[in-house]
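# Predicted model and sequence follow; I will ask about them next.
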Amino acid sequence: MRSVVPVLTVVAALLALWYAGAVFLNLQWEVDQARRAGADPGLQAMIVNTLAQDRPLLPAPHQVIAEIWETTVEKKITSKRSLIYHGWITLSATLLGFALGTALGMTLAVGIVHSRAMDLSVMPWVIASQTIPILAVAPMIIVVLNAVGLSGLIPKALISTYLSFFPVVVGMVKGLRSPDAIQIDLMRTWSADRGQVFRKLRWPSATPYLFASLKVAAAASLVGAIVGELPTGAVAGLGARLLAGSYYGQTIQIWSALISAAVLAAGLVMVVGLVQRAVLARMGMAR
Amino acid sequence: MADAGVVPEAGSSSVVDAPSVISADRLDLTFQTRDGPVHALRDVSLDIRKGEFVSFIGPSGCGKTTFLRCIAALETPTAGALSVNGMTADEARRARAYGYVFQAAGLYPWRSIGRNVALPLEIMGFSKTERKDRIARVLDLVELSGFEKKFPWQLSGGMQQRASIARALAFDADILLMDEPFGALDEIVRDRLNEELLGLWRRTGKTIAFVTHSIPEAVYLSTRIVVMSPRPGRITDVIDSPLPSERPLDIRETPEFLQIAHRVREGLRAGHSYDD
């Protein structure tokens, strides 16, 4: 219970800052409106109005919350205006990309740890792949895959994969190499083969590293899926809501999509955290 | 182990005629390092007979651990001949001829004590019921019965090291190679484990090669003490212990004990002055 107070304090401070920012940024528009109409509603009324504009520069928190409420609870899930509908489109691409990225990352890590040739030849490319801005790569992936007849979920998932395999490779390589010399030597004194060393020593040693990587990968997958939705012409998904919102100056819509994406990412990381706790407890590593 | 009577009584007098299980003939080992070659072992010749308890003592870099690792085929000598159980060291390793105990227990944190002991058995393909019997037996041997379900972090350092000894004993290798197994423990725990190890050796009749930094430990445990010195690592003295196989802890205050300890100390000093 003692941690509730600081947490609430931080939240309250952020909200206060947000409201202050909204007033400050939106006030100019109110002033211009008043001058154009030749009226003088007074500063207090103008400040109240800054928090209720249709297309504010920065929407106030309660406007975003109202928009989210309206587009989740009050809309049918099948509606094109439902955030749940768009959220699911993005989430499905995220989950597929996350699964593919995790599988790819693990496979590469196992290869890199067991083969010096792969360590020398693949690792530099793995690192190089992440130095290219994803915004530059994403449209090309969409175009190329579209040319071979793939569109919709798969291209977006592949962009997620592109972002999410990297933390898994790095974490797993470190984890698979984490057993100390004594444990490797012991395996040797028992004449264990490579498969046994992997199954009984390297793999369980890597588990804590794997989960740390998966948390990063889950968040990166979501970013990948959203980025993947931008060049598709804003049909569906949270990325599409962001893009459509910016086309039509619907800042409230942009912010509600942003907040939803953040909540979704936090949820994914939390799920990974719960699985981590359960697995480590089962392995006897949680104290 | 209940079959102590089957094993010939171990001790300095009764193993003289026993067959040699580890035989090293003019072993040389040179490590190629970035700073040039390091002569880890030079001209090391030694026979260890069945049932002996041989300690290796000397300062850091004298090659005692390297020699033990050669026997275990974890290092390969650059020259000389080495046989273990009549085979090459590597064949002996693959035949699972020895159990190895390191300075750190090296238990897997995600396995209970019982499952840690089971690990070599799983790798060697023992059946589940066989594993269960052996775990119970060796845990009893190191006085850890009842701790089977505990995890390593729930045990003290001394208990962890006992578990690692149980693990080395689980698959019934005749040879036990121990590399400063009690080096990280405090003296009180160490005394107790020394006493227990001696009892275990007497009951099981294993051949034990034991690396240590401690003169009292070496003299208390061994039927033979091998004194080594560094740069290059070589044997400077081999001392047969006249102490009886039954050794209470207070044997360490007897004149015989102190005399051997003195000779070991002299040997270590001689090795050093040679170096200066």
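The structure has been received and is ready for your questions. Residues are numbered from 1 along each chain as shown, chains lettered A, B, ... in the order given.
# measure the residue nearest to residue A:182 when sequence neighbours are not counted to residue B:51 for me?
Distances taken as CB to CB, 6 or more residues apart in numbering or on different chains put residue B:106 closest to residue A:182, at 4.2 Å, once the chain neighbours are dropped. Where C-beta positions appear, they are placed from N, C-alpha and C, glycine not excepted. Residue B:106 is 27 Å from residue B:51, where distance means CB to CB, to the nearest Å.
# Is it correct that the residue nearest to residue A:182 falls within a helix?
No - read with DSSP: H, G, I helix; E, B strand; the rest coil, residue B:106 is coil and lies in no helix.
# In this structure it contacts residue A:186, no?
Yes - if you go by CB atoms under 8 Å, residue B:106 and residue A:186 touch, sitting 5.7 Å apart.
# So those two - more neighbours on which side?
residue A:186 (25 against 22; other CB atoms under 10 Å in any protein chain shown).
# So which bits of the strand or helix carrying the more buried one are buried?
Per DSSP states H and E, residue A:186 falls inside helix A:181-189. For helix A:181-189, a neighbour-count test (16 or more other CB atoms under 10 Å in any protein chain shown) marks A:182-187, A:189 as buried.
# And for chain A, the residue most distant from the center?
residue A:38 (47.3 Å; CA atoms, centre = their mean).
# Need phi/psi at that one.
Backbone geometry at residue A:38, expressed as degrees, to the nearest 10, gives phi 70, psi 20.
# Regarding chain B, what is its longest helix?
Ranked by residue count under DSSP state H, the longest helix found in chain B is helix B:255-275.
# what residues does that one touch?
B:57-59, B:62, B:215-216, B:218-220, B:225, B:227-231, B:236-237, B:239, B:241-243, B:251 (CB atoms under 8 Å, 6 or more residues apart in numbering or on different chains).
# Could I get the buried residue list for the next helix or strand after the helix holding residue A:186?
Sequence order places helix A:194-197 as the next helix or strand after helix A:181-189, per DSSP H and E. For helix A:194-197, a neighbour-count test (16+ other CB under 10 Å) marks A:196-197 as buried.
# ok, now stretch B:73-80?
B:73-75, B:77, B:80.
# now the helices: where do they sit in chain B?
Secondary structure of chain B (DSSP H): helices at B:64-71, B:89-94, B:113-124, B:128-141, B:157-169, B:187-204, B:215-221, B:255-275.
# Can you check which of the ones you listed gets nearest to residue B:149?
Nearest of the helices of chain B to residue B:149, taken as CB to CB: helix B:113-124 at 6.5 Å.
# returning to what we had before: identify the residues contacting the residue farthest from the centre of chain A.
Listed by CB under 8 Å, 6+ apart, the contact set of residue A:38 is empty.
# Low-confidence stretches in the stretch 1-150 of chain A?
Low-confidence segments of the stretch 1-150 of chain A (pLDDT under 70): A:1.
# got the CA coordinates for the longest helix of chain B in PDB?
What follows is helix B:255-275 as a C-alpha-only set of coordinates in PDB (Å, rounded to 0.1, in the frame of the first residue of the first chain):
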ATOM      1  CA  PRO B 255      54.900 -35.700  16.600                       C
ATOM      2  CA  GLU B 256      54.600 -38.000  13.500                       C
ATOM      3  CA  PHE B 257      52.000 -35.600  12.000                       C
ATOM      4  CA  LEU B 258      54.100 -32.600  12.800                       C
ATOM      5  CA  GLN B 259      57.200 -34.300  11.300                       C
ATOM      6  CA  ILE B 260      55.500 -34.900   8.000                       C
ATOM      7  CA  ALA B 261      54.100 -31.400   8.000                       C
ATOM      8  CA  HIS B 262      57.600 -30.100   8.600                       C
ATOM      9  CA  ARG B 263      59.000 -32.100   5.600                       C
ATOM     10  CA  VAL B 264      56.200 -30.800   3.400                       C
ATOM     11  CA  ARG B 265      57.000 -27.200   4.400                       C
ATOM     12  CA  GLU B 266      60.700 -27.800   3.800                       C
ATOM     13  CA  GLY B 267      59.900 -29.200   0.300                       C
ATOM     14  CA  LEU B 268      57.700 -26.100  -0.500                       C
ATOM     15  CA  ARG B 269      60.500 -23.800   0.700                       C
ATOM     16  CA  ALA B 270      63.100 -25.600  -1.400                       C
ATOM     17  CA  GLY B 271      60.900 -25.300  -4.400                       C
ATOM     18  CA  HIS B 272      60.700 -21.500  -3.900                       C
ATOM     19  CA  SER B 273      64.400 -20.900  -3.300                       C
ATOM     20  CA  TYR B 274      65.200 -22.800  -6.500                       C
ATOM     21  CA  ASP B 275      63.000 -20.200  -8.200                       C
END
